[in-house]
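Chemist: A predicted structure for the sequence below; I have some questions about it.
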Number of protein chains: 2
Amino acid sequence: MNANGAASTIKAVCASNIGKRTDIILMPQKTDRSSSKQPTINDVAALAGVSKKTVSRVINNSALISDKTRKNVQEVIASLGFVPNPQARALAFRRNFLIALLHDNPNAQTVLNFQNGVLDAIKDSDLALLVRPIDRGSSDMLEDVRIFLEKQRPIGALLLPPISENDDLTALCQSLGVRYVRIGSTALDEPGKCVSSNDREVVAEACRKLIEMGHRRIGFVRGPEGFRSARERELGFLDALHSADLTLADELCVKGNYRIDSGTEAAHKLLSLANRPTAIFASNDEMAAGVMQVALGLGIKVPEQLSIIGFDDSPTATHIWPRLTTVRWPIREMGSHSAHMLVSDFLPPVEGIDQPEYAMLPSRFVERQSVAPPATDKGE
Amino acid sequence: MNANGAASTIKAVCASNIGKRTDIILMPQKTDRSSSKQPTINDVAALAGVSKKTVSRVINNSALISDKTRKNVQEVIASLGFVPNPQARALAFRRNFLIALLHDNPNAQTVLNFQNGVLDAIKDSDLALLVRPIDRGSSDMLEDVRIFLEKQRPIGALLLPPISENDDLTALCQSLGVRYVRIGSTALDEPGKCVSSNDREVVAEACRKLIEMGHRRIGFVRGPEGFRSARERELGFLDALHSADLTLADELCVKGNYRIDSGTEAAHKLLSLANRPTAIFASNDEMAAGVMQVALGLGIKVPEQLSIIGFDDSPTATHIWPRLTTVRWPIREMGSHSAHMLVSDFLPPVEGIDQPEYAMLPSRFVERQSVAPPATDKGE
DNA sequence: TCCCTAATAGACACCGGTGTCAAAAACAAG
DNA sequence: CTTGTTTTTGACACCGGTGTCTATTAGGGA
């Protein structure tokens, strides 16, 4: 094969191009109308011998149409393979059929699972999903989002944590008249639609398991300040301690930032204590992975000498060894639920189904191999 | 707080709703035009005292306009905060401004990185990204994609591996007149635009490192049949062996499917050999993680007694312990490059920049802690 | 000053749908 | 067979932009 030779040439060509690229500015002049055209509503109308408005009524499931006409038109539509142009509909409806997903990449798997949940929900509808990652750090984040929303005018926006907690952002959505659903670890106090999960309860459940096994000194690696999820998980942890009449020593609580490196830092602190904990709860899997790396590096056996629990049930949880006991967030379900909630204003009310502004979906404790009763013979 | 009580109620309400949801069918009748309207091109034209066509020319950077008029109109646009309605433009242009990303979730991080690359490229353009996961297994996958493409009519589609290798899909795109760029591990033989990376070379480089360190028995965990990437990586591996006059014993080559479980299975086979390998190359990080789990479970020290190399540089690579030596795929760059390539037909030709149909971007070998020279004293 | 050409701006139809309202058809009752 | 009422359909304007083609203006040379 000439793969090698060709490859080098191509590489060279590209290397010279990369970085030199100009901004993408589309050239309207280049419209090419030679390609075979889609049938339009006019074609359908002509072939069915009715007016385009009648066809429109069929498309939109209008009740004001006789069954005979409807059937006739539907047959023509099918025979032509007619698909209504969403841009034209959007224009005429003065509303488009886009849902925006704004996220800040807390965890790729989370984002993608959520995306998939949303897509489950809108699968057979006319809606489409527009994805927009946000740079939380950037100073003109709000301005970027404003431009995005004004340009695309989505029917509404789904806000993944942590940006779901950004009140400036929700205020922006309101001022632009863009509906939104916040996704969060708890029912938020602010008004507006929200989908959350019962993390606090499930974290408490997980920690109670540790306590029942006999653990008394349990380390806690907290999530970053300003993240509601971090607070929720901490509260669940404290709930469990309190219900067992335990308290959390200051030295056993370390703050992290949901990144692996903060997990390793925290673990170094916790595991160098004279009286080191027999178990550590990390507020997400990534930090738990960091804790585990340090433990293994120090020759501390997991779970025999140290139990570890994480949170998220990310792929990492099963990729590390021993596999991580953790809490699964119903993220995909939250995705499809929040999509439904977002568009509920446009749906016909269904008998016996409320359309609440809040929804709480159940998280689940997932037991794997990183937890065991504390060693009774541990040297101290 | 009443959080608990409220939470239970909400949960109950939702539990009864979930699953009962009807399909999402939007109701056109409910159009609500009470909200404050965006300014339109007519408003701008009236305020600037010119015709709407003139405003249109300004929006589209037409050359046929005097600087004075342009400046005047631009000022009015800015003062009004006018943003052209993309749906209307799409309709008038007979082309919309959407790029479709079709993927099959080989790896969430990969998909998301790619997405971000695409978004880097289209950041300041009028384009938006439409994401569509595909269910490769599903029998009506092609039909789903067809409906999606006909409905949304994106300007073009980006095909992530492994679906980039599906010839039925590319044929479908062609028949629908949808441009596409395939993303692949190698320049594909089929016609059409393609962005790839030099995986074969870099895998060979990685394996040569192992050989230089003294490894002679190197296990290989292959990717699944039918994946071009799997073949590429295998070829690179073989290249390295051949250039060192080594051959791959049948027993040292095990087929996997890119999932962690196939990694553990492969490792059990390889590590139970009488003369077990001193190093294992796994065709992706996930399988490498499986190999490492088995090694650690068997008490085999990594990297002292077993070196492991993965591929992808997924988050897993740094989450496992020891951290995984691997190959980084330039996925984000490929994303933005492929987006440029997709729309290049609409861009004005730039002096000195070719617009090739193929591009190859460099992968990179990433050294971490899972590789070391073979133990000289290993019992055999 | 006049004429010719090039540069610039505008009028109008059109993209493919939907809303409105009036006309036509179907049906019921007298 | 009318008349009145309800159901079904269609004509036409409109959503917010762009393409085409013509009208206007500006500039230059005789």
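Modeler: Good, I have the coordinates.

Chemist: in the stretch 201-350 of chain A, which spans are helices?
Modeler: Here the stretch 201-350 of chain A has its helices, by DSSP state H, counting those that start in this stretch, at A:228-243, A:260-271, A:285-297, A:315-319, A:331-343.

Chemist: in the longest one, which residues are buried?
Modeler: Neighbour-count burial for helix A:228-243, counted by 16 or more other Cβ atoms under 10 Å in any protein chain shown, picks out A:228-241. C-beta coordinates here come from the backbone N, C-alpha and C atoms, glycine included.

Chemist: check pLDDT for these and point me to the minimum.
Modeler: When the buried residues of helix A:228-243 are compared on pLDDT, A:Arg228 comes out lowest, with 86.

Chemist: from A:Gly214, how far out is A:Arg222?
Modeler: 24 Å (Cβ to Cβ, to the nearest Å).

Chemist: so between the two, which is more surrounded?
Modeler: A:Arg222 (23 against 12; other Cβ atoms under 10 Å in any protein chain shown).

Chemist: distance of the closest residue to A:Phe281 other than its chain neighbours from A:Pro374?
Modeler: Nearest residue to A:Phe281 in three dimensions, chain neighbours excluded: A:Ile309, at 4.9 Å (Cβ to Cβ, 6 or more residues apart in numbering or on different chains). To A:Pro374, A:Ile309 is 14 Å away according to Cβ to Cβ.

Chemist: so where's chain A shaky on pLDDT?
Modeler: For chain A, applying pLDDT under 70 flags the ranges A:1-36, A:185, A:187-188, A:347-355, A:377-380.

Chemist: DNA strand D contacts on that one?
Modeler: A:28-29, A:31, A:49-54, A:57, A:63-66, A:68-69, A:88, A:91-92, A:94 (Cβ under 7 Å from any atom of the strand).

Chemist: just the buried subset of those, written out for PyMOL, thanks.
Modeler: The buried residues among those can be selected in PyMOL (16+ other Cβ under 10 Å) with this line:
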select buried, chain A and resi 28+50+54+57+69+91
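
Chemist: show me the residues of chain A next to DNA strand D that map onto strands.
Modeler: Among those, no residue falls in strands (DSSP state E).

Chemist: hmm, A:Lys209 is touching A:Pro373, no?
Modeler: No - A:Lys209 lies out of contact with A:Pro373 (Cβ atoms under 8 Å); the separation is 10.5 Å.

Chemist: quick revisit: need the contact list for the residue nearest to A:Phe281.
Modeler: A:206-207, A:210, A:279-282, A:288, A:324-327, A:370-371 (Cβ atoms under 8 Å, 6 or more residues apart in numbering or on different chains).

Chemist: please apply the same query to A:Thr247.
Modeler: Counted by Cβ under 8 Å, 6+ apart, A:Thr247 has contacts A:Leu241.

Chemist: A:Lys71 - how many residues pack around it?
Modeler: Neighbours of A:Lys71 (other Cβ under 10 Å): 10.

Chemist: any part of the helix or strand where it lies near chain B?
Modeler: Secondary structure assignment for A:Lys71, by DSSP states H and E: helix A:67-80. No - looking at helix A:67-80 against chain B by Cβ under 8 Å from any Cβ of the partner chain, there are no contacts, and the closest approach is 11.9 Å.
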